[in-house]
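K.L.:
quick one, what's the 3D model for this:
(one chain, ligands or ions: 1)
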Amino acid sequence: MTTEHDRPVIGVLALQGDVREHLAALDRAGAAPVTVRRPQELAAVDGLVLPGGESTVISKLAETFGLLEPLRERVRAGMPVYGTCAGMILLADRIADPRSGQQSVGGIDMTVRRNAFGRQNESFEAPLKVAGVEGGPVTGVFIRAPLAEKVGQGVEVLARHEGAVVAVRQGDALATAFHPELTGDHRVHALFTDMVRAKRTAGAL
Ligand SMILES: NC(=O)CC[C@H](N)C(=O)O
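P.N.:
Predicted coordinates:
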């Protein structure tokens, strides 16, 4: 799907979490953002953001809304996808400490550990050098954030915090343990929007 001014249509999975902030950041980054709650809406986007929130709740709701399998299928088929925090957990092929019955979408060959940096009241910010993002460090906002404990060979590490892997990319899947949508800095969303644009152009050739 294409809109005027080459704005790729990027969905934000809107079941739970900080959806509004992602819509705003995507708009500033040059995408045409839309909310996704139904399989038909998922089918119509060029790329998708999985927001932060609570991964166990999001995956349960995705199942209830009949979205979990379609999501897996589109990610497997190469739809660009970006997960922040809980969204990063959803994109992990393996979860070190899942809640019983917790499901993931998968897509990135990594093992994540949930709540790896402590509780809500231990939330913090840290400047991060993110590969592919020009113009100085990104402020990483960490809220009960996961980390990638193990990453496969095909996974590119984009950022670390004190040695811990907190941003990764594998093919068309991007994940950050932190929340760029909360900072007013849309450079990571611009990186993702470029990935979506590149994919769409490649598909059109
Ligand atoms: N800010 C967040 O997205 C927190 C993620 C949460 N700890 C989880 O396990 O899903």
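
K.L.:
near the ligand, which residues of the protein are found?
P.N.:
The chain comes close to the ligand at residues 52-55, 85-86, 89, 114-115, 143-144, as judged by CB under 6 Å from any ligand atom. Backbone N, C-alpha and C define where each C-beta goes, glycine included.

K.L.:
okay, stretch 138-156 in PDB with CA atoms only?
P.N.:
Taking Å, rounded to 0.1, in the frame of the first residue of the first chain, the C-alpha atoms of stretch 138-156 are listed here in PDB:
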ATOM      1  CA  VAL A 138      19.900   8.000  21.600                       C
ATOM      2  CA  THR A 139      18.400   8.300  25.000                       C
ATOM      3  CA  GLY A 140      17.400   4.800  26.000                       C
ATOM      4  CA  VAL A 141      14.500   4.700  28.400                       C
ATOM      5  CA  PHE A 142      14.400   1.400  30.200                       C
ATOM      6  CA  ILE A 143      11.200   0.300  32.000                       C
ATOM      7  CA  ARG A 144      11.200  -3.300  33.200                       C
ATOM      8  CA  ALA A 145      13.300  -3.900  30.100                       C
ATOM      9  CA  PRO A 146      14.500  -7.200  28.700                       C
ATOM     10  CA  LEU A 147      17.900  -7.900  27.400                       C
ATOM     11  CA  ALA A 148      19.100 -10.300  24.700                       C
ATOM     12  CA  GLU A 149      21.100 -12.900  26.600                       C
ATOM     13  CA  LYS A 150      22.100 -14.900  23.500                       C
ATOM     14  CA  VAL A 151      22.000 -13.900  19.900                       C
ATOM     15  CA  GLY A 152      22.500 -16.100  16.900                       C
ATOM     16  CA  GLN A 153      25.100 -15.500  14.200                       C
ATOM     17  CA  GLY A 154      22.700 -13.900  11.800                       C
ATOM     18  CA  VAL A 155      21.700 -11.200  14.400                       C
ATOM     19  CA  GLU A 156      23.300  -7.800  14.200                       C
END
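
K.L.:
stretch 118-134 - what's its average pLDDT?
P.N.:
Mean pLDDT, computed over stretch 118-134, is 96.

K.L.:
what does stretch 99-113 give?
P.N.:
pLDDT averaged over stretch 99-113 gives 94.

K.L.:
neighbours of Thr64, how many?
P.N.:
10 (other CB atoms under 10 Å).

K.L.:
ok, the residues of the chain next to the ligand vs Ala173, which is closest?
P.N.:
Nearest to Ala173 out of these is Ile89 (CB to CB; 13.0 Å).

K.L.:
what's near enough to touch the closest one?
P.N.:
55, 83, 95, 104, 112, 114, 146 (CB atoms under 8 Å, 6 or more residues apart in numbering).

K.L.:
determine the longest helix present in the protein.
P.N.:
If you go by DSSP state H, the chain has its longest helix at helix 187-204.

K.L.:
which elements pack onto it?
P.N.:
strand 9-13, helix 19-28, strand 47-50, strand 81-84, strand 173-176 (3 or more CB pairs under 8 Å, 6 or more residues apart in numbering; DSSP states H and E).

K.L.:
which residues sit in contact with the residue most central in space within the chain?
P.N.:
When CA atoms, centre = their mean is applied to the chain, the residue found nearest the centroid is Gly83 (1.2 Å). Going by CB under 8 Å, 6+ apart, Gly83 touches 49-50, 89-91, 173-176.
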